[in-house]
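[1] Please work out how this folds:
(chains A and B)
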Number of protein chains: 2
Amino acid sequence: MDKSIDSATLKAVESAAACGVQTVWDRYEAQKPQCGFGETGLCCRHCLQGPCRISPFGDGARVGVCGANADVMVARGLSRAIAAGTASHGGHAKHLAHTLLRSSIGQAPDYPIKDVNKLKSVAARIGVDIDGMTANDIARVVALRALEDFSEKDEPSTWAATTVTKGRVETFLKYGVVPRGIDSAVSESMHRTTYGVDADAVNILLGAVKCALADYAACHMATDIADILFGTPSPVATMANLGVLRADAVNIALHGHNPLLSDMIAQVAGDPELNEKARAAGAAGGVNVVGVCCTGNEVMMRHKIPLATSSVSQETVILTGALDAMVVDYQCIMPALANVAECFHTRLITTMPIARITGATHIEFHEDGARDSARKIIETAIVAFTKRDPAKVNIPDILTTAFAGFSTEAIVGALSLLDAADPLKPLIDNIVAGNIYGVCLFAGCNTVKVTQDANYVAMIKELAAKNVLILATGCASGAFARHGFMTPEATGKYAGPGLKAVLTAVGQAAGLGGPLPLVLHMGSCVDNSRAADVAVAVANRLGVDLNMLPVVASAPEPVTEKAVAIGTWAVAAGLPTHLGVVPPVIGSSVVTGVLTSAVKDLFGGYFIVEPDPLAAAAKLLAAISERRTGLGLSA
Amino acid sequence: MDKSIDSATLKAVESAAACGVQTVWDRYEAQKPQCGFGETGLCCRHCLQGPCRISPFGDGARVGVCGANADVMVARGLSRAIAAGTASHGGHAKHLAHTLLRSSIGQAPDYPIKDVNKLKSVAARIGVDIDGMTANDIARVVALRALEDFSEKDEPSTWAATTVTKGRVETFLKYGVVPRGIDSAVSESMHRTTYGVDADAVNILLGAVKCALADYAACHMATDIADILFGTPSPVATMANLGVLRADAVNIALHGHNPLLSDMIAQVAGDPELNEKARAAGAAGGVNVVGVCCTGNEVMMRHKIPLATSSVSQETVILTGALDAMVVDYQCIMPALANVAECFHTRLITTMPIARITGATHIEFHEDGARDSARKIIETAIVAFTKRDPAKVNIPDILTTAFAGFSTEAIVGALSLLDAADPLKPLIDNIVAGNIYGVCLFAGCNTVKVTQDANYVAMIKELAAKNVLILATGCASGAFARHGFMTPEATGKYAGPGLKAVLTAVGQAAGLGGPLPLVLHMGSCVDNSRAADVAVAVANRLGVDLNMLPVVASAPEPVTEKAVAIGTWAVAAGLPTHLGVVPPVIGSSVVTGVLTSAVKDLFGGYFIVEPDPLAAAAKLLAAISERRTGLGLSA
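    Numbers count the residues shown, from 1 in each chain, chains lettered A, B, ... in the order given. Below is the predicted model of the structure:
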């Protein structure tokens, strides 16, 4: 299996061998063969009487020491993965909510409220009467409501219940899966999966859906507050791939997830004094900030910061020999970065108390002195630059234009140029007419188990040719950006005639002189909530529920427990949801049956597990066709 | 290895073979050999790029796909176990707090406040000004404060910070391990252990300690509110072991943890109408309720309900053929009970929405109709009794007296008979004089990996002979109860001369006409908080911190993730803490080094991992000796 179809990745990885350092692909090879029990989910370490395992081939023990069978074991494992994903998005959202609160009461002067309109629209959505209130007053109330959403209440989670259709809330209530708190949902999942609690696989899975909906609430909250503090994205043109690093500049990569750190560095990076320091240190090009992973998406959308690469290839940024500092917050940061950095002059800088890496430099980031922390980090990078070995610099000369920043507001804004009174009408009319056959949201990661980007590129070509409108977030965005799919040219080359006409009409109306890009970049992985917003708006406008829409989702190369949580809420939201990697559930026929079939009867959505990208595209098109038929549209 | 040293257990297990049903010991044999990666903690399934594993023998991959080394992998696994334990105790405590709130506002009439003194003392401890308030008013404020303790606050968790010494709070603050919320601590641990977050083993472990202290807060809250709603225990005499089942009665076993369900059934079981129904169905002895596991401890202390057996042998209660209903709530309920029950007429009744078992009868328990639910459950048992096959009944004629219910209040009350003005003085004087050499709290489970009860019995004989005062909770209590150690006779037989004199003096003063029992039964596993209270009271009285006291803890046969959490907070509280089963951490020299040694420099406590019970007793005696020397007492 090839490592990647991205030639920049492949070129950078060559440096690893020269330095004698392992990359993720080497480590994956060293792990093979991976444990078959773990791969099928038939392993349990939830008590000290274990570890227990059940052979997927039917020989040996059929139950664990406690009597848990394969179904219970697999369901428990899946539930814990979703709990961990929810805890991660919850931590991210809570961090933002705390900062919004501090901002509103004058304790975080570096974080003024940037988008008052977004603040007001969020406040209105959650039912805050903002009459006569200042922006800070509103922010305080919104932040407190957000923080309340983490603990168990008698009512449904505000962010879960106010952001979906009425029909979805009723469905969630009917099946007892409405979360009443984000942290409490994580705790409940951890409780019910411990020794001797829940031992009915379907009940465990329903609990997991509840937790996944808490993840949805957390994602949506994170998007909302990031927009309030840093601005709601609108389309920008920038660049992607390793060629965005510059031999003549102090290169700083921002990697991780939360804009609290990265946005501040992006804001400070233009400071003339720091750039003068960089030049004085020998970097004629000054300070050059690039993005990696979801933090890359955040600063790409709001600051036009170019995107260096995506999750699985994060080590390649260091392997160029030109990276002076890799600055990380949390999530998807490979511990291996410390080893790779050791072969170069690169400073790996950790910033969060909950995410240190042995061997890294820790510069703790505090919101109350954010700007100072950002300056200190940049200054550390400048010092590192002076130790750079030019002989080791090997930046692949590969980069491409990428348009990013298609928030829900930006999309609706563009559509309103066609119909100011009813912005969704052109979209709906085109779906009805079949010019837009359906919508596919690509999300998730790059995984070492799939040739990097291969699934994304193969699938988008199939779907776009069939006039499917493509939305993307997270490292799906990164893949499409690096391969030139976030350009008007890609629309010309790959879009079917109907889709091309629609994207061109909107692009012309927006004064672009050409079509919108083939992929609408909606942001980071928490910004999957933006895609949900679009779907909810369309469903409400049509007067149907989400499970009726010709909208599908795909994570062709998923890695993280967050992706498992997101996929699960997408299914609960009613979407047919594709996974390109088999999750560790196939040890249980009950669990696989529920996830891929029975769940459809409850929520309308279901998982499509299909590693082959062409087959996956065909299955998603079939799902769209079925939905179109259901709505009485041409299939 | 023998299954058990309890002849009742051994006798009942014989029936399993006759019925062709497996027990926990058969399932354990079928699992052997257990996975060496899992046993050493060198396995990670925290993302979809795994499963990854590292050979403990030094061959093969040294890091996972992400680059996590053995230290990070092991620390992550341990942290998640503690998170799950904390979530479990948190769920238990939150369930009680919600009920207290409902009780206080008239929404749970079956749960009136039973112990107003306890309510007032808890309110005073957490700083509520109760002047002029009714009991319900106080209860409402206490319940709300308790519920607040689940979400992240700016201040330390109320239940963690107000129940330990001032010195401990300072130490916890110093090392950044003060929890600021119970559910939020669980979420934080899950977040930091997901892919690409915390990759510094020591930092992960400090996070795990913080979560464990949240577990402590949850345990203490559970004890406090259970006492408020159901009464603070005081010593009672009852019976233990399978002989408590009666051939002529409708036998109902209460198994699980939360007194919300079990106390209500215990209250209702004496109802003449129900007993008449039982007699009408042919059960001349009426309704006979027995306890299993921690629920068994709860109802044993408060209702003199006899204890049938402990966790690992829970199946034996059904194997007697005389059990009509096994009624469970959550935690430590083997899913296998459903299979064992199928061989008999026994109804396995699940009651909690988060804990169903495939094959069981689900009668959902709601606090707002608690008494009705309890009646319905008992009626179901009566119907099951009519289907009992007398030929299958085989109740081991083995039982023993057991004294239970030594709450902190009861112990202080007994001591006050010796010195009303300064009740702790006699205890302290005797510790100083060496009549009480030290104190050992036995806690935790029975595990299939150790001959049931063998470690407990071997260790207590050693320690008691050396004048160590023995406290016990959870299934440690069960083990001592079933083997006759909770009797004055055991004091006469096993206590060293100093200890015997002290227990006799207190017993005489209390009007017992003889010594206190050798083991003071303090309750269920959440009631480890009672032992902490005694230690805190002594430390405060002496003006020293907990890490100076000659107090140790032991879990000779631990099973659950809750036990891992409790053990960790015992260490953080400053206690040398013994584990009789090797937890899955030995794959990391850093983690084992921190837990057994380096942690001592931070908190004073540390883990002693020693499977051999005599060696374990010797190590605990050495730890007590070291502490006595530190206090300037005879070692």
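[2] use CA for all of it now, contacts and neighbours both
    Fine.
[3] Return the list of helices and strands in contact with the helix or strand hosting residue A:619.
    Element membership for residue A:619, per DSSP states H and E: helix A:613-630. Packed against helix A:613-630, as judged by 3 or more Cα pairs under 8 Å, 6 or more residues apart in numbering or on different chains; DSSP states H and E, are the following elements: helix A:454-465, strand A:551-555, strand A:576-579, strand A:606-609.
[4] so can I have TSV of those showing distance to residue A:187?
    Converted to TSV, the helices and strands packed on helix A:613-630 look like this (distance: least, Cα to Cα, whole Å):
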stretch	distance to residue A:187
helix A:454-465	35
strand A:551-555	26
strand A:576-579	26
strand A:606-609	25
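[5] With mean neighbour count added, can I get the ones you listed in TSV?
    What follows is those, written out as TSV (neighbours: other Cα atoms under 10 Å in any protein chain shown):
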stretch	mean neighbour count
helix A:454-465	21
strand A:551-555	26
strand A:576-579	27
strand A:606-609	23
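[6] Quick check: residues of the stretch 51-200 of chain A near chain B?
    A:51-53, A:60-61, A:63-68, A:81, A:83-85, A:87-88, A:90-91, A:150-151, A:183-184, A:186-188, A:190-200 (Cα under 8 Å from any Cα of the partner chain).
[7] What's the ChimeraX syntax to select whichever of these are buried?
    Listed next is the ChimeraX selection for buried residues among these, using 16 or more other Cα atoms under 10 Å in any protein chain shown:
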select /A:51,52,53,61,63,64,65,66,67,68,81,83,84,85,87,88,90,91,150,151,183,184,186,187,188,190,191,192,193,194,195,196,197,198,199,200
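[8] Which phi and psi values does the closest residue to chain B within the stretch 351-500 of chain A adopt?
    Scanning the stretch 351-500 of chain A for the residue nearest chain B gives residue A:355, at 3.9 Å (criterion: Cα to the nearest Cα). When quoted as degrees, to the nearest 10, the phi and psi of residue A:355 stand at phi -140, psi 80.
[9] my read: it touches residue B:202, true?
    No - in this structure residue A:355 lies outside contact range of residue B:202 using Cα atoms under 8 Å: 11.2 Å.
[10] Quick check on these two: which one has the bigger neighbour count.
    In this view residue A:355 and residue B:202 are compared by other Cα atoms under 10 Å in any protein chain shown, and residue A:355 has more residues nearby, 24 against 18.
[11] Give me the distance between the more buried one and residue A:342.
    Between residue A:355 and residue A:342 the computed distance is 19 Å (Cα to Cα, to the nearest Å).
[12] Same check on residue A:378?
    For residue A:378 relative to residue A:342 (Cα to Cα), the value is 19 Å.
[13] State the helix or strand in which the residue most central in space within chain A lies.
    Chain A has residue A:525 as the residue nearest its centroid, 1.4 Å off, counting by Cα atoms, centre = their mean. For residue A:525, there is no helix or strand it lies in under DSSP H and E.
[14] who touches the residue nearest to residue A:30 when sequence neighbours are not counted in this structure?
    Among residues not flanking residue A:30 along the chain, residue B:61 sits closest, at 5.4 Å (Cα to Cα, 6 or more residues apart in numbering or on different chains). When contacts are counted by Cα atoms under 8 Å, 6 or more residues apart in numbering or on different chains, residue B:61 is found next to A:27, A:30, A:31, B:53, B:54, B:55.
[15] my read is residue A:327 is in a strand, agree?
    Yes - assessed by DSSP: H, G, I helix; E, B strand; the rest coil, residue A:327 belongs to a strand.
[16] Per-residue pLDDT of the nearest residue to residue A:145 once chain neighbours are set aside, please?
    Closest residue to residue A:145 apart from its sequence neighbours, by Cα to Cα, 6+ apart: residue A:158 at 7.8 Å. pLDDT recorded at residue A:158 is 98.
[17] Around chain B, which positions in the stretch 501-635 of chain A sit nearby?
    Of all the residues in the stretch 501-635 of chain A, those lying near chain B are A:558, A:559, A:560, A:561, A:583, A:584, going by Cα under 8 Å from any Cα.
[18] cutoff 10 Å now
    Applying Cα under 10 Å from any Cα of the partner chain, we find that the stretch 501-635 of chain A lies next to chain B at A:557, A:558, A:559, A:560, A:561, A:562, A:563, A:564, A:581, A:582, A:583, A:584.
[19] quick one, helices of the stretch 51-200 of chain A?
    A:70-104, A:116-125, A:135-148, A:158-161, A:166-174, A:182-192 (DSSP state H, counting those that start in this stretch).
[20] so of those helices, which one's packed in deepest?
    Greatest average neighbour count among the helices of the stretch 51-200 of chain A goes to helix A:182-192 (a mean of 31), per mean count of other Cα atoms under 10 Å in any protein chain shown.
[21] Compute the inter-axis angle for it and helix A:70-104.
    160 degrees (axes from the mean of the first three to the mean of the last three Cα atoms, to 10 degrees).
[22] Could you report the neighbour count for residue A:278?
    25.
[23] Tell me if I'm right that it and residue A:284 touch.
    Yes - between residue A:278 and residue A:284 there is a contact under Cα atoms under 10 Å: 7.5 Å.
[24] can you pull the pLDDT of residue A:633?
    Looking at residue A:633 specifically, the model assigns a pLDDT of 96.
[25] Next, the contact list for it, please.
    Counting by Cα atoms under 10 Å, 6 or more residues apart in numbering or on different chains, residue A:633 touches A:431, A:432, A:433, A:434, A:437, A:550, A:625, A:626, A:627.
[26] Please repeat the previous calculation with a cut-off of 7 Å.
    Taking Cα atoms under 7 Å, 6 or more residues apart in numbering or on different chains as the criterion, residue A:633 is in contact with residue A:432.
[27] Over to residue A:142?
    residue A:123.
[28] Give me the pLDDT for it.
    At residue A:142, the pLDDT value in this model is 98.
[29] For it, give its distance to chain B.
    Separation of residue A:142 from chain B (Cα to the nearest Cα, to the nearest Å): 17 Å.
[30] if we can go back for a sec, so the residue of the stretch 351-500 of chain A closest to chain B sits against residue A:330, correct?
    Yes - counting by Cα atoms under 7 Å, residue A:355 does reach residue A:330; the two are 6.0 Å apart.
[31] anything in contact with each of these two?
    Joint contacts of residue A:355 and residue A:330 (Cα under 7 Å, 6+ apart) are residue B:197.
[32] mind checking how far the nearest residue to residue A:624 once chain neighbours are set aside is from residue A:310?
    Excluding the flanking residues, the one nearest residue A:624 by Cα to Cα, 6+ apart is residue A:550, at 4.7 Å. Between residue A:550 and residue A:310 the computed distance is 29 Å (Cα to Cα).
[33] Settle it for me: which of these two has more neighbours?
    Using other Cα under 10 Å as the criterion, residue A:550 and residue A:310 rank with residue A:310 on top: 31 against 28.
[34] contacting residues around the more buried one?
    Here residue A:310 is in contact with A:292, A:293, A:475, A:478 (Cα under 7 Å, 6+ apart).
[35] For the closest residue to the first one other than its chain neighbours, give the beta-bridge partners.
    Spelled out, it's residue A:292. The shortest distance from residue A:292 to any residue other than its chain neighbours is 4.8 Å, reached at residue A:255 (Cα to Cα, 6+ apart). As for beta bridges, residue A:255 partners with residue A:292, residue A:328 under DSSP bridges.
[36] Report the contact partners of residue A:255.
    A:291, A:292, A:293, A:295, A:296, A:327, A:328, A:329.
[37] and which of those residues is nearest to chain B?
    residue A:329 (8.1 Å).
[38] ok, so what distance separates the closest one from residue A:296?
    Note on residue A:329: its distance to residue A:296, by Cα to Cα, is 12 Å.
[39] The two: which is more packed in?
    residue A:296 (33 against 29).
[40] I'd say that one and residue A:309 touch.
    No - between residue A:296 and residue A:309 there is no contact under Cα under 7 Å: 8.3 Å.
[41] For residue A:625, give its distance to chain B.
    On the measure of Cα to the nearest Cα, residue A:625 and chain B end up 30 Å apart.
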